[in-house]
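Chemist: here is my input; please provide its structure:
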Amino acid sequence: MELITALAYASVLAALLAVSGGLAYAYNRLRREHQRDSIEHAALLEVLEGSNDALFVLNFVNGRIYRANRQACELLGYSLEELLKRTVFDLHPQELLQLSATRMADAWEQNGLIFSDIPMRRADGTVVPVECSTKVTSYQGHPAIILFARDITERLALEQRLADQNAVVKRQNEDLISSIRYAQRIQRAVLPEPARLEELFPQSFVMHRPRDIVSGDMAWFGERNGLVWVIAADCTGHGVPGALLTLIGASIFQEQVHERQVATPGELLDGARQTMADMLLGDDEEERALDGMNAAVLCFDRDRNTLLYAGAFGPLYLLRDGIVHEFKGDRMPVGHMDQGVRPFTTERIELKTGDRAFIFSDGLADQFGGPAGKRLKSAGFKQWLCASAHLSMEEQGQYLSDHFRLWKGTEAQIDDVLVIGVEIDQRA
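Modeler: Here you go, the predicted structure:
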């Protein structure tokens, strides 16, 4: 009997201990949750007071405003007591309530969201644009969302002013481009077309790559009294200033060949230099010295099968039997000269069928590119000419164009590029 009583007592004691342990575990869990809630609540209050933006703590289910900071009251013109009687939906225009509910749901699903397409309505009925960011949390055991709101009125005004300024700049750029394209049409109308050179020399090409829409490089061709003139000129500058000088240069070459009927390239350059200096005469000595052009002038005498050449910083490459022969010309420009003026030198070259003459501006040799990003230089240009000597003139022109594009790669084009190639046929 005593044994049974002892066993019963032990069972009851074990049950009491089990219950006591469960209660202790439950108590400790509740205490931890309370401590965690207290910590989160304290952290939330710290965020509320420390934020420079308007801040709201919202019930996720019904949008009720649990808490708000001083900046929120100042932004919307409510007292704190008034705000705490409202929901977040009371702070938005009526037509955006559905969008507001959608943003709250998206914020909860994505654990946070940034949006600026829902303005807030002040106590006086005016609307203020805001940028909102959200964070998912809990408040007093309820699912909650912290909403940060920043007044972006000034930012939107700045963005609008910037957009207006960009629109003005865009319109000005469009007007400028339109004017430059019109200048391009004028330049093309004044300068001879490359097809004219093909009429004079069927085996020929003109490679012209302006850096901008219009170019300071120019090709000029003409025929008078059995002499065929081919000129490559590089005017000071590029773009519109250079293009204006090409129009002056074209009129000068026209005058020298067809009106003055000069007989040698040296005479042509002498006359062009004097005319250029007279036309660009000004009070500023330094600016006057900068205006002018470099040029290479070829004069083919078909009857004598000879080539006359003169250069003003404009060389001639003669490709014969796969070898490039260079003629450097004179190292003085077509334009104003401060020191003594001396005549340009004319060189006479006996031609052979199959000879190829190349005159050009310095834009191709000066271009940066290749694997090391260095200038091509004249040596690289000569290598290209020798490597393509077996091709027809049309193919050689395409070869130079393709290799220039590959050489330049992603590098910016630094200058206008002009190359004129002529092959001597049996008529020359």
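
Chemist: measure the closest residue to N305 other than its chain neighbours to I252 for me?
Modeler: Of all residues not flanking N305 in the chain, L351 sits nearest, at 5.2 Å (C-beta to C-beta, 6 or more residues apart in numbering). For the C-beta atoms, the positions are set from N, CA and C on the backbone; glycine is no exception. Per C-beta to C-beta, to the nearest Å, L351 is found 27 Å from I252.

Chemist: compare the two (neighbour count), which wins?
Modeler: Taking other C-beta atoms under 10 Å, L351 and I252 do not tie; I252 has more neighbours (22 against 18).

Chemist: all helices for this structure, in order.
Modeler: Using DSSP state H, the helices of the chain run over residues 2-50, 70-76, 80-83, 97-110, 153-190, 194-200, 239-254, 265-279, 285-290, 377-387, 393-408.

Chemist: quick one: contacts of stretch 191-199?
Modeler: Residues outside stretch 191-199 that contact it (C-beta atoms under 8 Å, 6 or more residues apart in numbering): 204-206, 208, 218-222, 230, 246, 250, 420, 422.

Chemist: and the residues you listed, which are buried?
Modeler: Those of the contacts of stretch 191-199 that meet the buried threshold are 204-206, 208, 218-222, 230, 246, 250, 420, 422, by 16 or more other C-beta atoms under 10 Å.

Chemist: name the nearest of the residues you listed relative to G369.
Modeler: Of all these, H208 has the smallest distance to G369: 18.4 Å, by C-beta to C-beta.

Chemist: show me what the closest one is bridged to.
Modeler: L418 (DSSP bridges).

Chemist: I figured it hits L418, correct?
Modeler: Yes. The pair H208 / L418 is scored as a contact, 5.3 Å apart, by C-beta atoms under 8 Å.

Chemist: overlap in contacts of those two?
Modeler: Joint contacts of H208 and L418 (C-beta under 8 Å, 6+ apart) are S215, D217, A219.

Chemist: which residues touch the first one?
Modeler: Read it as S215. Counting by C-beta under 8 Å, 6+ apart, S215 has contacts Q187, H208, H238, G242, A243, T246, D416, L418.

Chemist: repeat that for 10 Å
Modeler: When contacts are counted by C-beta atoms under 10 Å, 6 or more residues apart in numbering, S215 touches 184, 187, 191, 208-209, 234-235, 238-239, 242-243, 246, 361, 363, 415-418.

Chemist: could you check how far it is from R375?
Modeler: 20 Å.

Chemist: returning to that earlier point: got the shared contacts of H208 and L418 as TSV, with pLDDT columns?
Modeler: Output for these, formatted as TSV (pLDDT from 0 to 100):
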residue	pLDDT
S215	92
D217	95
A219	97
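
Chemist: neighbours around L162, how many?
Modeler: Neighbour tally, L162, other C-beta under 10 Å: 10.

Chemist: tell me the spatial nearest neighbour of S361, not counting adjacent residues.
Modeler: D234 (3.8 Å).

Chemist: one more: D124?
Modeler: Using C-beta to C-beta, 6+ apart, the nearest residue to D124 is G77, at 5.9 Å.
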